[in-house]
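Colleague: here you go, sequence then predicted model.
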Amino acid sequence: MSRGFTLLEALVGVLILGFLVVGLAGGARFGAGAALRQSRSSDRSGDLDAVDRTLRQIVATADPASPLTGTAGTLSFVAALPQAPGANEVALGLDARRRLLLRWTPRPPGQPLKPLAAQQAELLDGLAGITFSYYAPASAADPVASWRTSWNRPGLPLLIRLRLAFADPAAPAWPDIVLAPQRSP
């Protein structure tokens, strides 16, 4: 009696072991790819959350006594910023490289008028476009409250909506950012 494996049994065992190794390697590759895609998605989501919080904070400090001027692609107003206390002329819009930029120029109180350097910060990149719209309250001239594509009236709109369009079609959809300026000084 012989104690051992036949050549056929050994080949079948090696073949089954090979299939297991190939299956495990494919699963590991799939898991690593899924983790990479998730981290890219969460990075963009973190960027958008930070942009949302920043814009809410800035628009909430808009000076109701100063004019707010808005078009479908730009927004400018006077506000206090955390990085530049006091009144600042603030502008939001896309630049030529399709980045959402925040630009501000400090307006120091009690100092003679002199040109101050404008500063800017990139809030978000990789955009195909942005659209601002402004929710106007009902008035005697227009008895229906509605969203408008521009704002050049005295006072502040009730709400400001920002819609982001991303250049990358695989980018996750992001809901509109709706901002509420303060209503009284």
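Modeller: Received it, and whenever you're ready, just let me know what you need.
Colleague: give me every residue that touches the most centrally placed residue in the chain.
Modeller: In the chain, the C-alpha nearest the mean C-alpha coordinate belongs to residue 48, at 3.4 Å (Cα atoms, centre = their mean). Residues near residue 48 by Cβ atoms under 8 Å, 6 or more residues apart in numbering: 124, 164, 174. In this view, the C-beta of every residue, glycine as well, is placed from N, C-alpha and C.
Colleague: mind checking the SS state of it?
Modeller: Recorded secondary structure, residue 48: helix (DSSP: H, G, I helix; E, B strand; the rest coil).
Colleague: so, low pLDDT: which residues of this structure?
Modeller: By pLDDT under 70, the low-scoring segments of the chain are 1-2, 35-46, 84-85, 108-116, 183-185.
Colleague: now the helices for this structure?
Modeller: 7-60 (DSSP state H).
Colleague: that one: strands as residue ranges?
Modeller: With DSSP state E as the criterion, the chain has strands at 69-70, 74-81, 84-94, 100-107, 119-124, 127-136, 146-148, 159-166, 177-179.
Colleague: which of these sits closest to residue 9?
Modeller: Of all those, strand 159-166 sits nearest to residue 9, with 57.8 Å by Cβ to Cβ.
Colleague: can you tell me which of the contacts of residue 48 is closest to residue 3?
Modeller: Once Cβ to Cβ is applied, the member of those that ends up nearest residue 3 is residue 174, at 68.2 Å.
Colleague: and that closest one, how far from residue 168?
Modeller: 12 Å (Cβ to Cβ, to the nearest Å).
Colleague: more neighbours, those two?
Modeller: Comparing residue 174 with residue 168 by other Cβ atoms under 10 Å, the one with more neighbours is residue 174, at 18 against 10.
Colleague: residues contacting that one?
Modeller: 48, 164, 166.
Colleague: surely residue 177 meets residue 162?
Modeller: Yes: with contact defined as Cβ atoms under 8 Å, residue 177 counts as touching residue 162 (4.4 Å).
Colleague: overlap in contacts of these two?
Modeller: Going by Cβ under 8 Å, 6+ apart, residues that sit against residue 177 and also against residue 162 are residue 55.
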